[in-house]
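Novice: dropping a prediction and its sequence here:
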Amino acid sequence: MALVRRVNNSFGFVLNTFYCKCIVNIKKLKRESNIMRYSNLAGAEILEDYQTFAQMIKFRQTEAKKSVIIKISEVSHIEHLKQFCECYARIVNIFPYNTIDNNRFVLMECSSDKDVEALRKIAVCKASPEYAHCVTPFFLYKPRFKLHINQKTLNKDNYEYYSNFETPNLDEINQSLKKIESVSNQMMFLYNALRITELNIRLRFYTATQISYYLSQLFINLSVVPFGSSVNGFGQIGCDLDLLCKTNISSDDKSGWKKFLFMTQVIPLVDRNEQKHFLDVVGTIMRTCIPGITDVKKILEARVPIIKFRNLYTNMQCDLSSTNMTALHMSELLYLYGQLDRRVKPLVFTIRKWARNMNLTKENPGQWITNFSLTLLILFYLQTKDILPSLTSIKIFSDKSNTIDNFDWFLKWKNTVSSNDESLSKLLCEFFEYYSFFDFKTQGLCLRDGITKVKKDVSPLYIYNPFNPSLNVSKNVTISELLRLVEHFQRAFHIMVYSTEKDTLVKLINFDLNLTINNGFNNKNKSEFINEKFIPNVTDTNNLQKMEKNIIK
Ligand code: CTP
Ligand code: MG
């Protein structure tokens, strides 16, 4: 709570404006390529249908509430299912998909949540007296008689069938990259190939709405909201779904009648022990009552207690935490940065893919850099290039414009700094160069002010938390992982300088650590590249370990 208060006191004003709005009639979200409104040039055209983070979340939540998921056994049943449902509801969109274990589903979007209610009314449950049947938002379409499909009239092309929930295969990516001449276009290709799809976004919000649906039967003011890479614009196919429980302040003041109240049991979610207890209960409910949920693991002793689970029907690996509003504000900040300049996302996607293939980031958290910290490294670098504003600049310029919801403030900021129109390729090369020679020994990255600042302790990598400068976001990174990272920055910089344009990205994301490259970087000349003076030494790390022990004590 103290953290949230601190956020509110400082830059919360920026973010709160997003939350305090009542959004009506939000236009249908266009494909992401259409809503990227800024070119790299100052004064670029602003499209009218820009959505703030809060609007986007609200839009997707509304979309999820008017959608249903129906299991089918045959693709050929889709047309009949549609005809059947249209007798009771107005259908707007149909997305058929296969799950990893090869079950077939249809995500059906209706025109309103009343249509969903109408479908719920006609659905039946073959309840047996020996079992307690849980309530469910999922349906099963099971035609009673064998359907005689007229193959001539059945047009399977009506429906795009989605099944790829897996990251595209590296060979396929390589083949496609080899056909593209320029590095910048190769980076655009990677971005388009790796980003989460429209269906995947819908399934993420549906999964959150599904958990909300169950919890709302028990808690009056609780909703489940996605955060992290699922919503901040940097999510790649297959990324986990981070969820948090958001408590809402009751707003319905029923004509001032306050004498007749609900008598509720309250759980103080600011207390860590109560949080753990709450998640423990929620985990048990999920394991027992929610269809399609499997592999529930309660990780309650972690710094942030979470429940891990898998939703088989939506193909999602999820982490549910209790109230964690700072993380939601952070997602909002990243979302904003991703929207400000069209080069941000392709750059982040390329570097994330490179880091994953070099084994610098891993699926599980540990002593290595996380995707989140890596993204902050990139955003900071773009601040130094005057492509993105610091948080302080956002505050100053949005104060002057009285709002952050349109981009007038950003144009004003752009006009005060020199306009940077470097290509994606140049930015990528200079990113690797920048961190190859960065003074990690003494300097930390401060995105709040957009400048480097002396580190506050001897953590090898120091990224000041933008909302709480007394915290280091990358505290987990050890000296050996930082060394590995810097070594790879240098190798990557070398590849960028010495490769032909057509080969560059393929070489970057496929670099075999056991091989040396012609005319290039190998272990022999490594010491020439690594400037020891910028790397924290082992004594520092020993001190850090001692410090950590003291804190634990
Ligand atoms: N977060 C944070 N402070 C941290 C770590 C995480 O505020 N020290 C928040 C960020 O909003 C982050 C989110 O928690 O985006 C989820 O963290 P994580 O799953 O580790 O990162 P993602 O951005 O979701 O990236 P990935 O695709 O690897 O899951
Ligand atoms: Mg995540």
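Specialist: Ah, there it is. Numbering: from 1, shown residues only. Ligands and ions are numbered 1, 2, ... in the order given.
Novice: burial check on N364, number of neighbours?
Specialist: Counted with other C-beta atoms under 10 Å, residues neighbouring N364 total 6. Every residue, glycine included, has its C-beta placed from N, CA and C.
Novice: actually L374, not the one I wrote
Specialist: 23.
Novice: what does F493 give?
Specialist: Other residues near F493 come to 22 when the count uses other C-beta under 10 Å.
Novice: mind listing what it touches?
Specialist: Shown in contact with F493 (C-beta atoms under 8 Å, 6 or more residues apart in numbering): 429, 432-433, 436.
Novice: please report phi then psi for it.
Specialist: Per-residue torsions, F493: phi -60, psi -40 (degrees, to the nearest 10).
Novice: the spatially closest residue to it that is not a sequence neighbour: neighbour count?
Specialist: Distances taken as C-beta to C-beta, 6 or more residues apart in numbering place F432 nearest to F493, at 3.8 Å, with adjacent residues excluded. Under the neighbour criterion other C-beta under 10 Å, F432 is assigned a count of 22.
Novice: again, but for the one 4 residues further on
Specialist: As a burial measure, the neighbour count of S436 was computed by other C-beta under 10 Å and equals 20.
Novice: okay, and which of the contacts of F493 map to strands?
Specialist: Among the contacts of F493, DSSP state E puts none in strands.
Novice: and of these, the nearest to ligand 1?
Specialist: Relative to ligand 1, the closest of these is F432; by C-beta to the nearest ligand atom it sits at 20.6 Å.
Novice: OK, contacts around the closest one?
Specialist: By C-beta under 8 Å, 6+ apart, the residues touching F432 are 489-490, 492-493, 496.
Novice: can you check the pLDDT for the residue nearest to F493?
Specialist: Per-residue pLDDT puts F432 at 97.
Novice: quick one, what contacts I451?
Specialist: The contact partners of I451, taken as C-beta under 8 Å, 6+ apart, are S390.
Novice: what about whichever residue of the chain sits closest to ligand 2, neighbour count?
Specialist: Among all residues of the chain, G228 sits closest to ligand 2, at 3.7 Å; criterion: C-beta to the ion. Residues lying near G228 (other C-beta under 10 Å) number 22.
Novice: how about it: what's its closest non-neighbour residue?
Specialist: The nearest residue in space to G228 (C-beta to C-beta, 6+ apart) is D242, at 3.5 Å.
Novice: then the one you found would be within a strand, right?
Specialist: Yes - under DSSP: H, G, I helix; E, B strand; the rest coil, D242 sits within a strand.
Novice: which residues does it contact?
Specialist: Counted by C-beta under 8 Å, 6+ apart, D242 has contacts 226-230, 318-319, 321, 327.
Novice: show me this structure divided up by domain.
Specialist: Following the assignment in automatic domain parsing, the chain carries domains at 2-15+342-549, 36-65+195-248+271-341, 72-162.
Novice: select from the contacts of F432 the one having the most neighbours.
Specialist: Going by other C-beta under 10 Å, A492 tops those with 27 neighbours.
Novice: where's that one, which helix or strand?
Specialist: helix 479-498 (DSSP states H and E).
Novice: next structured bit after that helix?
Specialist: That would be, after helix 479-498 and using DSSP H and E, helix 501-510.
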